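A.B. asks: Can you look at this prediction? I've put the sequence above it.
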Amino acid sequence: MSTKIVLSAEALKTLKSFAAINPGMVFKPNHKFEVAQREKAVIGFSDVGVQIPVKFAVQDVPKFLGVLSLHDSSSLELTVVDDKVMKIKSKKGLTNYRFTDPTNVTHIPDNFNLPMNEVGTFSITAGELEEIKKVSNSLALPHVVLSADPTNHLVIDVKNLKEDHTDQHDINSESPATGEFEMVLRSENLAMLIPNDYDVKVSTKFLYFVSKDKKTEYYVAVEPKNT
């Protein structure tokens, strides 16, 4: 049975952001988009309020978004025929868009559950995430070290742990932090997060980010300190 779906501006923005993590995505019968990096160093979920009727997979999300741009947005209709095809229709024409088999896309298993060995917490702002991205790009620094100082504030150091004699940039933060931790992440992985304010739980193997509005979640892998 075919079902029409509506992609809001927020949903389209999320698709574009998730495509930077992995251009392939599997859509499941619920109201969340989800994505897994091929190495699964970044896993993301976002509740965008779109009810997916059946499980299907898109191998190239940027291509899919490009197909949508061929149509008139004011008259756009998306109809999921089954797990193999979607009809994309507007006053400009009709596209039969073929899905791929979910096995062709790195995706999150249905029974996904990561045990949380929590060692601390912190908050981080959209501005701080943007600053990390700007600094790491400007100075070509691949690592971000996050820790809590004695006054229970977040410490953000952007550096290259493989080279002793390279640039380093410390970002001033007033965000709260608890516990004793020093975690290394890849700058490029943090850059994949949708800019937002997040509460973060620190585990020994990953950081669990939850946006303040509770709509978006990420699991980001922690790197070895001798990386």
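C.D. replies: Cool, got the structure. Numbering: from 1, shown residues only.
A.B. asks: Where do the helices of the protein begin and end?
C.D. replies: Taking DSSP state H, the helices of the chain run over residues 9-21, 61-69, 126-139, 187-190.
A.B. asks: D157 bridge partners, please.
C.D. replies: Here D157 sits in beta bridges with V145, D170, going by DSSP bridges.
A.B. asks: confidence score at it?
C.D. replies: On the pLDDT scale, D157 is placed at 97.
A.B. asks: gap between it and V61?
C.D. replies: 33 Å (C-beta to C-beta, to the nearest Å). C-betas here are computed from N, CA, C, even on glycine.
A.B. asks: now D213
C.D. replies: Distance of D213 to V61, computed by C-beta to C-beta: 23 Å.
A.B. asks: Of those two, which one has the most company?
C.D. replies: The neighbour comparison of D213 against V61 (other C-beta atoms under 10 Å) goes to V61, with 21 against 9.
A.B. asks: these two touch, right, the more buried one and L15?
C.D. replies: Yes: if you go by C-beta atoms under 8 Å, V61 and L15 touch, sitting 5.7 Å apart.
A.B. asks: Spit out the residues that contact these two alike.
C.D. replies: By C-beta atoms under 8 Å, 6 or more residues apart in numbering, V61 and L15 have these common neighbours: M25.
A.B. asks: lowest average confidence, helix or strand, in the chain?
C.D. replies: Within the chain, confidence by mean pLDDT, DSSP states H and E is lowest for strand 3-5 among all helices and strands, at a mean of 89.
A.B. asks: quick one: strands adjacent to that strand?
C.D. replies: strand 77-80 (antiparallel).
A.B. asks: Can you give the distance from the partner strand to the centre of its chain?
C.D. replies: Here strand 77-80 is found 25 Å from its chain centre; the criterion is C-alpha atoms, centre = their mean, to the nearest Å.
A.B. asks: what's the average pLDDT for that strand?
C.D. replies: 94.
A.B. asks: How about the residue of the chain most remote from its centre: what's its closest non-neighbour residue?
C.D. replies: Relative to the mean C-alpha coordinate of the chain, counting by C-alpha atoms, centre = their mean, the farthest residue is K91 (33.2 Å). Sequence neighbours aside, S75 is the residue nearest to K91 in space, at 4.5 Å (criterion: C-beta to C-beta, 6 or more residues apart in numbering).
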